Every structure is written in C-alpha cells, then in structure tokens.
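Colleague: Here's my sequence, what's the structure:
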Amino acid sequence: MEALFAALEGTALAQTLRSSRWIYAGVNAAHIFGVALLVGSVVPLNLRLLGLWRGVSREAAVRVLAPVAAAGLVLALLTGPLLFSIRAREYSAVGFLQLKLAFIAVGVLSTLALCRTHGFLLRDAPRARLAGHAVLSLVCWPGALVCGRLIAFAGD
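Modeller: Sure thing, here's the model as predicted:
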C-alpha cells in the first residue's frame, strides 16, 4: 500500500495541489461546501424522520433535502481523494481518517438499503425503521465531519 500511496502523491494532480495555494484552497473549499450541504441537509431530514416538524410532510422533506444531501456527498467524494492525494502516506496512517471512511461507508450503505427497500420517498417505511436509520445517520454524518476535522490535528 505504501507504494500505491507514494505513487498517488507523485501524480501531477497531487503535485499541482501541493504547489498551488489557490488551487488547493479551491478544492478544500469545495470539499467543505460539499460536507456542509450533506450534513446541513441530513440533520434536518433525520430529525424529521424522528418526528420533528410534523407539519412538514415526510415526502416533502425527502424531496427537498435528499437531493441536496446527495449533491453534497458527490462533491465531497470528488474532492476528498484530491485532498488525500497530497499526503496519502501520512493520512493513511491517521486513525481519524479510517474512522471517517467507516462512518461514510455505513452512512451511504444504510441509506441505499433504506431506499432500496422502501423507495426514494420512503412512503411505506415503518416508523421504527425510519427512526433507527435516522439515529444511525445522525451518528455517521456528523461523526464523519468531526473525524475529518480532527485529521488536521492528528500527530500534533
């Protein structure tokens, strides 16, 4: 794996990111924006699934917030590996990164399983299943955000 990470760090893209303050800042800002869209929409959506804001239909909340969350996830997934590439060997050893990736995997897989079973709008999903998913999601996505931030402080 060490050789793979070293090769990743040696790519032209990784070298450009390391040498250009503004390109790196742009990619970093895009990653933060993606995470903000994701967590900023997942939290209220899951709170709605837990029973808050009953005046807003579950279907309306899903229709508005799920695509925003998906767009944020896509943006974060596109930019995260770019940020990783600049110090792949160093970051790969950081436990917070490994935990972040686990949170992301569980969050994505649980959402895909829920939508596959009950459809995108979750019309026939039982309340207990929605509540369980919401709690898991409220652990995974903020957990990924916190772990991502802590990567910068690992080793200090």
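Colleague: Next, the contact list for Phe84, please.
Modeller: Applying Cβ atoms under 8 Å, 6 or more residues apart in numbering, we find Phe84 in contact with 8, 91, 97. Just so you know, the C-beta spots here come from the backbone N, C-alpha and C atoms, and that holds for glycine as well.
Colleague: repeat for His133
Modeller: 46, 49, 110-111, 114.
Colleague: Apply 7 Å and report the result again.
Modeller: Taking Cβ atoms under 7 Å, 6 or more residues apart in numbering as the criterion, His133 is in contact with 49, 110, 114.
Colleague: again, but for Ala125
Modeller: 114, 118.
Colleague: which ones among the contacts of His133 are found in strands?
Modeller: Among the contacts of His133, the subset assigned to strands under DSSP state E is empty.
Colleague: before we move on, the earlier item: can you list the contacts of Phe84 in a markdown table and add neighbour count, secondary structure and pLDDT?
Modeller: Putting the contacts of Phe84 into a markdown table (neighbours: other Cβ atoms under 10 Å; DSSP: H, G, I helix; E, B strand; the rest coil; pLDDT from 0 to 100) gives the following:
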| residue | neighbour count | secondary structure | pLDDT |
| --- | --- | --- | --- |
| Leu8 | 18 | helix | 94 |
| Tyr91 | 18 | helix | 93 |
| Leu97 | 19 | helix | 96 |
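Colleague: Before I go, just wanted to say thanks for your time.
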